[in-house]
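Student: just to be clear, the model below is a prediction. Sequence and coordinates:
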Amino acid sequence: QVQLAESGGGLVQAGGSLRLACEASGSFFSINTMGWHRQGPGKQRESVASITRDGRTNYGDSVKGRFTISRDNGRNTAYLRMNSLKPEDTGVYYCHAGAYLTSGNPPPVSTAWGQGTQVTVSS
């Protein structure tokens, strides 16, 4: 129903920057909140950032002031700009999105997750 394609991970030195992208495709009426979680080595999965369809954002405490999430509703795509990266930002980043599948009342909803993209920050 909803598929997410992630791109943009990689290896970067501490202090560097990366941008992740997450594009939703498939059969749906609208894509609502989009965001990323991450899971570092030996750590639990944690929320990184999210953005609603009308642009309201939320960030995890550890990334506030360094990461910026944005989206292009016309392309059903969200972006995560990561600046001032630290070794502790290393992990697999998973995009997620909530969708209304039809325009019904109430509409059926679906939550999709991407396959994950590796971000490695070297010290």
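Tutor: All right, it came through fine. Numbering: from 1, shown residues only.

Student: contact partners for Phe28?
Tutor: Applying Cβ atoms under 8 Å, 6 or more residues apart in numbering, one finds that Phe28 lies in contact with Gln1, Val2, Ala99, Tyr100, Leu101, Ser110. C-beta here means a position set from N, CA and C on the backbone, and glycine is covered the same way.

Student: the bottom helix or strand of the protein by mean pLDDT?
Tutor: The weakest-scoring helix or strand in the chain, judged by mean pLDDT, DSSP states H and E, is strand 109-113 (a mean of 93).

Student: name the helices or strands packed onto the helix or strand following that strand?
Tutor: Later in the chain than strand 109-113, the nearest helix or strand by DSSP states H and E is strand 117-122. Where contact means 3 or more Cβ pairs under 8 Å, 6 or more residues apart in numbering; DSSP states H and E, strand 117-122 is packed against strand 10-13, strand 18-26, strand 91-100.

Student: tilt between the least confident helix or strand of the chain and strand 91-100?
Tutor: 160 degrees (axes from the mean of the first three to the mean of the last three Cα atoms, to 10 degrees).

Student: could the contacts of Phe28 be laid out in TSV, adding distance to Val92?
Tutor: Output for the contacts of Phe28, formatted as TSV (distance: Cβ to Cβ, whole Å):
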residue	distance to Val92
Gln1	23
Val2	20
Ala99	22
Tyr100	28
Leu101	27
Ser110	22
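
Student: tabulate the residues you listed (JSON lines), appending neighbour count and distance to Gly65.
Tutor: Shown next, in JSON lines, are the contacts of Phe28 (neighbours: other Cβ atoms under 10 Å; distance: Cβ to Cβ, whole Å):
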{"residue": "Gln1", "neighbour count": "10", "distance to Gly65": "36"}
{"residue": "Val2", "neighbour count": "18", "distance to Gly65": "31"}
{"residue": "Ala99", "neighbour count": "24", "distance to Gly65": "30"}
{"residue": "Tyr100", "neighbour count": "17", "distance to Gly65": "32"}
{"residue": "Leu101", "neighbour count": "16", "distance to Gly65": "36"}
{"residue": "Ser110", "neighbour count": "15", "distance to Gly65": "32"}
